[in-house]
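> here are the coordinates; sequence isn't available:
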């Protein structure tokens with residue numbers, strides 16, 4: 001028997017995504033049946049068809065806006081250790097590459113992660129997920145990649161799966177053994193190990209959905225990245241590519257060639273790259289928090305949008321980009337990349353879902369999961385407008401309250 005899970009009513013505004021565009025309903029409401037959106041519309045109509053008093057959860061949202069839950073399609077949220085001193089070093093003029101050459105960066109996180117226990121990694125990830133949830137994120141992609149050996153990569157994926165089982169946020173696991181070349185190793189030899197040892201073990205484990213690679217100067221060449229992604233596909237993993245972050249070496253064209261779910265970063269993407277991703281149906285994922293942390297130029301969101309390529313926005317949360325807030329990423333997308341509040345919100349919800357093969361999430365459309373956030377402000381524009389604060393008051397996951405009054409329920 002169907003259950004009226006929740007009715008959120010009398011909202012100042014309800015924002016939904018239809019055919020890639022944000023649509024808003026003044027004095028709106030959302031009805032949830034069995035965890036899915038049953039109806040979205042004016043409060044008077046919804047309350048007549050779905051009386052709030054009959055719902056398991058009736059939420060009066062007067063003066064507040066309802067938005068889809070954020071879908072954060074790019075994070076490295078499993079790690080140990082602290083790299084705040086590297087942030088200070090960057091402020092003194094050190095580059096990302098100089099910090100890595102001195103033993104910092106990714107390899108420093110690898111050392112700390114290898115030394116951590118399962119419980120430490122799990123506790124760290126659950127803490128990060130709590131912060132994300134309180135800031136309105138309801139689905140998140142999490143990568144491995146701070147192991148760089150078979151044992152630790154599998155351990156990280158296991159932690160990701162266990163966190164997903166325990167936490168309200170839906171967690172999407174990605175294998176990224178090709179995140180960096182381990183200390184004292186040759187890149188070609190390490191790619192051999194990723195292909196011949198790690199990927200078969202990852203397939204046997206059966207947790208990861210995607211295979212990502214850092215196609216970048218100082219990491220993996222286009223040819224090496226192609227080997228990893230093609231081998232990953234043979235083991236059932238959908239490709240993703242870190243491309244054109246620090247320099248332009250051809251990772252975007254590789255993403256188009258292999259039919260990746262997404263190409264991410266893209267700070268140095270060219271007009272030809274934009275067209276290639278659009279024509280191949282690869283979702284560009286832009287990570288403005290990374291440019292902010294590096295003090296770098298931002299990706300050209302407008303080039304993608306004007307070419308008809310939908311843009312996803314994600315946090316890139318990691319030890320080098322230490323923000324779990326999708327709202328902050330949305331604000332940066334507007335201020336630094338020229339996106340409108342509506343475009344950025346779609347990028348942080350529906351298009352973010354598209355980048356991890358979760359089409360339908362992040363829309364608040366009828367028949368889709370009822371993952372939503374209620375913000376203490378009258379419209380979705382306050383997501384980027386009220387930067388530096390968390391306006392999320394409540395979060396519902398499949399219609400069940402998981403954040404109330406700004407704090408995790410239960």
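Done, it's in. On a predicted model such as this, the values are computed, not experimentally measured, just so you know. Residues are numbered from 1 along each chain as shown.
> Residue ranges of each domain in this structure, please.
Following automatic domain parsing, one finds the domains of the chain at 4-69+363-408, 70-361.
> would you turn those domains into TSV with mean pLDDT?
Listed next are these as TSV, based on pLDDT from 0 to 100:
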stretch	mean pLDDT
domain 4-69+363-408	97
domain 70-361	96
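> residues near the residue nearest to residue 366 when sequence neighbours are not counted, how many?
For residue 366, ignoring the flanking residues on the chain, the nearest one in space by CB to CB, 6 or more residues apart in numbering is residue 37 at 5.3 Å. In this view, the C-beta of every residue, glycine as well, is placed from N, C-alpha and C. By other CB atoms under 10 Å, the residues close to residue 37 number 24.
> got it, and residue 21?
Residue 21 has 11 neighbours, counted by other CB under 10 Å.
> For it, what are phi and psi?
phi -110, psi 140 (degrees, to the nearest 10).
> which residue packs closest to it, ignoring adjacent ones?
Nearest to residue 21 is residue 346, by CB to CB, 6+ apart, at 7.1 Å.
> try residue 217
residue 247 (4.8 Å).
> thought that neighbour was touching residue 268?
Yes - counting by CB atoms under 8 Å, residue 268 is a contact partner of residue 247 at 6.2 Å.
> Which one of those two is surrounded by more residues?
residue 268 (19 against 12).
> quick one: the more buried one is in a helix?
No - assigned with DSSP: H, G, I helix; E, B strand; the rest coil, residue 268 falls outside any helix and is coil.
> check contacts around residue 246.
For residue 246, the contacting residues are 96-97, 216-218, 267-268, by CB atoms under 8 Å, 6 or more residues apart in numbering.
> Now stretch 88-106: buried residues?
89-90, 96, 99-100, 104-106 (16 or more other CB atoms under 10 Å).
> tell me which of those is nearest to residue 308?
Taking CB to CB as the measure, residue 308 lies nearest residue 96 of the buried residues of stretch 88-106, at 32.0 Å.
> doesn't residue 368 make contact with residue 398?
No - using CB under 8 Å, residue 398 is not in contact with residue 368; the gap is 10.3 Å.
> what are the pairing partners of the lengthiest strand in the chain, and which direction each?
When the chain is parsed with DSSP state E, its longest strand is strand 4-18. Within its sheet, strand 4-18 is paired with strand 21-33 (antiparallel), strand 57-60 (parallel), strand 65-68 (parallel), according to DSSP bridges.
> chain center to the longest one, what's the gap?
Remark: strand 21-33 is offset 24 Å from the chain centroid, using CA atoms, centre = their mean, to the nearest Å.
> what does the second one give?
In terms of CA atoms, centre = their mean, the centre of strand 57-60 is found 28 Å from the chain centre.
> Then stretch 92-104?
26 Å.
> what does that stretch contact?
83, 86, 89-90, 105-107, 218, 246, 294, 320.
> Neighbours of residue 309, how many?
By other CB under 10 Å, 21 other residues sit near residue 309.
> With the one 3 residues further on instead?
By the measure other CB under 10 Å, the count of residues near residue 312 is 28.
> same deal with the one 5 residues further on?
Counted by other CB under 10 Å, the residues lying close to residue 317 total 28.
> for it, what are its contacts?
Contact partners of residue 317, counting by CB under 8 Å, 6+ apart, are 72, 75-77, 128, 132, 289, 323-324.
> Looking at those, which are in helices?
Applying DSSP state H to the contacts of residue 317, the entries found in helices are 128, 132, 289.
> Show the contacting residues for the second one.
Residues in contact with residue 132 (CB under 8 Å, 6+ apart) are 72, 140, 169, 317, 324, 326.
> which ones are touching the third one?
By CB under 8 Å, 6+ apart, the contact set of residue 169 is 129, 132-133, 137-140, 397.
> can you list the strands paired with strand 4-18 in CSV and add distance to residue 225?
Shown next, in CSV, are those (distance: least, CB to CB, whole Å):
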stretch, distance to residue 225
strand 21-33, 34
strand 57-60, 46
strand 65-68, 33
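> just these: most buried one?
strand 65-68 (a mean of 28; mean count of other CB atoms under 10 Å).
> which residues are in contact with that one?
8, 11-17, 28, 30, 136, 345, 349-350, 361-364, 371-375, 377-380, 382-383.
> Out of the residues you listed, which end up buried?
Here, 16+ other CB under 10 Å leaves 8, 11-17, 28, 30, 136, 345, 349-350, 361-364, 371-375, 377, 379-380, 382-383 buried among those.
> May I ask which of the contacts of residue 317 has the most neighbours?
Neighbour counts for the contacts of residue 317 peak at residue 72, which has 33 neighbours (criterion: other CB under 10 Å).
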